[in-house]
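Asker: After the sequence you'll find the predicted model.
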Amino acid sequence: MINGPNLNLLGSREPNVYGMDDLKSIENRLTKKAADLNFELGCFQTNAEHEMIEKIHDAKKNNVCFILINPGAYTHTSISVRDALLSVSIPFYEIHLSNTFSREEFRHKSYFSDIASGCIIGLGSHGYELGLIAAIKKIQQS
Ligand code: DQA
């Protein structure tokens, strides 16, 4: 699971938009849920675009079979993160806590949605859990 810029501030950052859950508790919950289902989940958050790109490259080297990613504001700006995901061709779900379509117009454009295996938008932190379960189902079916 990769989270982008400012998501380290979940819990205190605009809680009316992003909810009260902090990133650590989301990560802990998901890691445990994955382990209960005999899967390993690695969690990574960065405020730097190049670190996100390098993490995606590393995912290929480490035989990661699925990525859950909330690219934060890079969703709306980053062709280079998009290219990184295309380069490694690891299937991924794009996750957003908030409903980006009900917000400012610049958040309506995503550089990821058309190449994602699926998108979960606007369901708050629960979206990460749904993404994990869906990813595990997909891996088991393939
Ligand atoms: C976000 C939505 C983005 O527009 C914003 O820049 C974020 C969080 C979300 O999870 O709702 O940082 O990705």
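Answerer: Sure, I can see it. Numbering: from 1, shown residues only.

Asker: Run through the strands of this protein in chain order.
Answerer: Ranges of strands in the chain, per DSSP state E, are 2-3, 44-45, 67-70, 92-96, 118-121.

Asker: looking at it, Gln115 is touching Arg82, isn't it?
Answerer: Rather than Gln, residue 115 is Ile. Yes. In this structure, Ile115 is within contact of Arg82 by CB atoms under 8 Å, at 6.8 Å. Yep, even glycine has a C-beta here, placed from its N, CA and C like the rest.

Asker: if we can go back for a sec, got a markdown table for the strands of the chain, with mean neighbour count too?
Answerer: Converted to a markdown table, these look like this (neighbours: other CB atoms under 10 Å):
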| stretch | mean neighbour count |
| --- | --- |
| strand 2-3 | 24 |
| strand 44-45 | 19 |
| strand 67-70 | 24 |
| strand 92-96 | 24 |
| strand 118-121 | 17 |
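
Asker: In a markdown table, list the ones you listed along with mean pLDDT and distance to Glu51.
Answerer: As requested, these are arranged in a markdown table below (pLDDT from 0 to 100; distance: least, CB to CB, whole Å):
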| stretch | mean pLDDT | distance to Glu51 |
| --- | --- | --- |
| strand 2-3 | 98 | 10 |
| strand 44-45 | 98 | 8 |
| strand 67-70 | 98 | 13 |
| strand 92-96 | 98 | 17 |
| strand 118-121 | 98 | 23 |
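
Asker: Save these as JSON lines, and put in distance to Gly131 too.
Answerer: Listed next are the strands of the chain as JSON lines, based on distance: least, CB to CB, whole Å:
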{"stretch": "strand 2-3", "distance to Gly131": "12"}
{"stretch": "strand 44-45", "distance to Gly131": "15"}
{"stretch": "strand 67-70", "distance to Gly131": "5"}
{"stretch": "strand 92-96", "distance to Gly131": "5"}
{"stretch": "strand 118-121", "distance to Gly131": "5"}
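
Asker: In CSV, list these along with distance to the ligand.
Answerer: Putting the strands of the chain into CSV (distance: least, CB to the nearest ligand atom, whole Å) gives the following:
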stretch, distance to the ligand
strand 2-3, 9
strand 44-45, 11
strand 67-70, 5
strand 92-96, 4
strand 118-121, 8
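
Asker: Close to the ligand: what parts of the protein are there?
Answerer: For the chain, the residues in contact with the ligand under the definition CB under 6 Å from any ligand atom are 6, 70, 72-73, 75, 96-98, 100, 107.
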